[in-house]
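Model the structure of this input:
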Amino acid sequence: MDKEELKKAIYQLIEQSAGKKKYKQADVIKHFRQQGIPDAETKAAIRELIDAGDLIYTYFGGSYIELGEKRKGA
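Numbering: from 1, shown residues only. Purely as a prediction, here's the structure:
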């Protein structure tokens, strides 16, 4: 899986769980580790999505990854 595909897969995972489940970064890394993706690649892809504003970190008793305001349409 190349980096763009990984970013798209991460985004889709977060998008599909919006309003149902909040993922921590470790949960996302674990999810993709099970698919054979190295942790460093997943972390780098998450960082790029955060930097682009597609995803954001939120804090509610722990740090979670959610859709960024840019993608929510706000």
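
Every contact and neighbour count from this point should use C-alpha atoms.
Fine.

And for the nearest residue to Gly53 once chain neighbours are set aside, the neighbour number?
Excluding the flanking residues, the one nearest Gly53 by CA to CA, 6 or more residues apart in numbering is Gly68, at 5.5 Å. Counted with other CA atoms under 10 Å, the neighbours of Gly68 add up to 18.

Can you give me the pLDDT of Gly68?
According to the model's per-residue confidence, Gly68 sits at a pLDDT of 87.

A strand includes Thr58, no?
Yes: note on Thr58: a strand contains this position according to DSSP: H, G, I helix; E, B strand; the rest coil.

buried stuff in whatever helix or strand Asp51 lives in?
Counting by DSSP states H and E, the element that carries Asp51 is helix 39-52. Using 16 or more other CA atoms under 10 Å as the burial criterion, the residues of helix 39-52 that qualify are 41-42, 45-46, 49-50.

average pLDDT across it?
Within the predicted structure, the mean pLDDT of helix 39-52 is 96.

gap between it and the chain center?
If you compare the mean C-alpha spot of helix 39-52 with that of the full chain, they lie 8 Å apart, counting by CA atoms, centre = their mean, to the nearest Å.

for it, packing partners?
For helix 39-52, the elements it packs on are helix 3-17, helix 25-33, strand 55-59, judged by 3 or more CA pairs under 8 Å, 6 or more residues apart in numbering; DSSP states H and E.

which residues touch the second one?
It refers to helix 25-33. Helix 25-33 is contacted by residues 10, 38-39, 42-43, 63-65 when judged by CA atoms under 8 Å, 6 or more residues apart in numbering.

could you check the angle helix 39-52 makes with it?
Helix 25-33 and helix 39-52 are oriented at 130 degrees to each other (axes from the mean of the first three to the mean of the last three CA atoms, to 10 degrees).

what pLDDT, on average, does helix 25-33 get?
Within the predicted structure, the mean pLDDT of helix 25-33 is 96.
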